[in-house]
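Undergrad: Provide a 3D model corresponding to the input given below.
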Amino acid sequence: MLFSEKRNLTRWIIIMTSFVIVIMILWNTYTFFQIFKNEERVKMQNWALAQKKINSADPNADVDMELPFQIIQESNIPIIVTEKDSIINTNNIDPDILKDKVRLYAFLQKLKNQNEPIIMQISEKQTHQLYYGDSSLLNKLKYYPIALILIIVLFGGVVYNFYRSNKMATQNKLWAGMAKETAHQIGTPLSSLIGWLEIMKADNVDETTIAEIEKDINRLQTITDRFSKIGSEPVLERLNIIEETEQSFDYLKSRFSKQVGFSFKAPKKPIMVSLNPALHSWTIENLVKNAIDAMKGKGKISVVIENDNNLVKILVTDTGNGIPKNQFKRIFEPGFTTKKRGWGLGLSLTKRIVEEYHKGKIKVLQSEIGKGTTMQVSFKKT
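TA: Numbers count the residues shown, from 1 in each chain. Here you go, the predicted model:
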């Protein structure tokens, strides 16, 4: 308990530290942005002074104009100079924009939105406004915080998925270990029951009774075999899926109330599929039991096997309450259940058996509230 609390505290410290680091990086980025922006304004003020000096210079006077011309030439920032909203000068503007007067004035409006104009007092009666945009470096710096946030979110997502996968892997190992231990524990009394069955045979107990007990013992052996296979790769055999499905169906049919009507329909010719018989039996059992639960122990269940080109489909239909469309996928999630009692693992386990172990597909084919549901399992033929 103490270790768990310390681990949670460590996680929160790491999260808060990461959050503080992100805030500091964003704040520093904003500070740099403002510094660069102020530096560019100073450059534009110098450009305005240089332009003013060039315009007011006496051509006949021997004045050194090298520095003003250098300031004008080295500027790479888009500039538009206006007088009474009329454009009188431009610098570093795309030639295509200069050719189109509408685009040029639209670009001017864009510059007005980016920065406050610099007033150029040419004379007492003549005033120019200098509008300028952001340099390419400043434009790139604008998107740096967004890129940083996206990288952090991506990194956070990777860390979260790694942590979640690690946690799920640990849980899976725990469940697999518990399942194998359950199989081991069942094995001891099961061996004893087999011994007692042999004694009953020797004592000439009624053959019908012995046959039924033998069926249940075989069933317990199947269940033990199922649990022992959890967490390990099962061995698949090329079997007749009709025969394997019908055996499981007949066993369940004989052990449920007469208030449930069972029907089975399949092609007469065998259909060969790579199966693990114990796990396939578990699939049919889970689907049939879920159907009976949905009908509250009273109704009709049909299992139909269809031969469809390269696939074989098993349709399990009930006359139960039905499933809302928004829950068609959720019913296969671990822990999801609509019953007051239950772990919500049956269909999740069934999906894993079908799709991971047998490379098949399982889905809710159709369902109508108050009328029933059809589940479809499909496998590739071999």
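
Undergrad: from now on I want contacts and neighbour counts done on CA atoms only, so please keep to that.
TA: Fine.

Undergrad: domain map for the chain?
TA: As given by automatic domain parsing, the domain ranges for the chain are 12-134, 234-380.

Undergrad: okay, how far is it across the shortest one, tip to tip?
TA: For domain 12-134, the first-to-last residue distance is 40 Å (Cα to Cα, to the nearest Å).

Undergrad: again with the longest one
TA: By Cα to Cα, the extent of domain 234-380 from end to end equals 17 Å.

Undergrad: and what of stretch 260-278?
TA: Distance across stretch 260-278, first residue to last, is 25 Å (Cα to Cα).

Undergrad: can you give the contact residues for it?
TA: 222-223, 225-226, 234-244, 246, 253, 292, 297-307, 312, 358, 379-382 (Cα atoms under 8 Å, 6 or more residues apart in numbering).

Undergrad: with stretch 371-382 instead?
TA: Residues lying outside stretch 371-382 but in contact with it, judged by Cα under 8 Å, 6+ apart, are 238, 271-274, 287, 310-323, 354, 358-367.

Undergrad: over to stretch 301-317?
TA: The set of residues external to stretch 301-317 that reach it, using Cα under 8 Å, 6+ apart, is 242, 260-267, 271, 287-288, 291-292, 318-319, 372-381.

Undergrad: among those residues, name the buried ones.
TA: In the contacts of stretch 301-317, burial by neighbour count holds for 242, 260, 262, 266, 271, 287-288, 291-292, 318-319, 372-381, counting by 16 or more other Cα atoms under 10 Å.

Undergrad: which residues in the stretch 101-250 of the chain form helices?
TA: Remark: helices of the stretch 101-250 of the chain, listed N- to C-terminal, are 101-114, 136-202, 207-229, 241-253; assignment by DSSP state H, counting those that start in this stretch.

Undergrad: Gln126 is nearest to which of these?
TA: Closest to Gln126 of these, according to Cα to Cα: helix 101-114, at 20.3 Å.

Undergrad: what is the mean pLDDT for the closest one?
TA: What helix 101-114 shows for mean pLDDT is 89.

Undergrad: which elements pack onto it?
TA: Contact here means 3 or more Cα pairs under 8 Å, 6 or more residues apart in numbering; DSSP states H and E; on that basis helix 101-114 packs against helix 95-99, strand 127-132.

Undergrad: pick the most buried one from these.
TA: Stretch with highest mean neighbour count among the helices and strands packed on helix 101-114: strand 127-132 (a mean of 22; mean count of other Cα atoms under 10 Å).

Undergrad: export that one as CSV, just CAs?
TA: Taking C-alpha atoms only, strand 127-132 is exported to CSV below (Å, rounded to 0.1, in the frame of the first residue of the first chain):
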residue,chain,number,x,y,z
THR,A,127,3.5,62.8,-43.6
HIS,A,128,4.1,59.2,-44.7
GLN,A,129,3.0,56.0,-43.0
LEU,A,130,5.4,53.1,-43.1
TYR,A,131,3.6,49.7,-42.8
TYR,A,132,5.8,46.6,-42.4
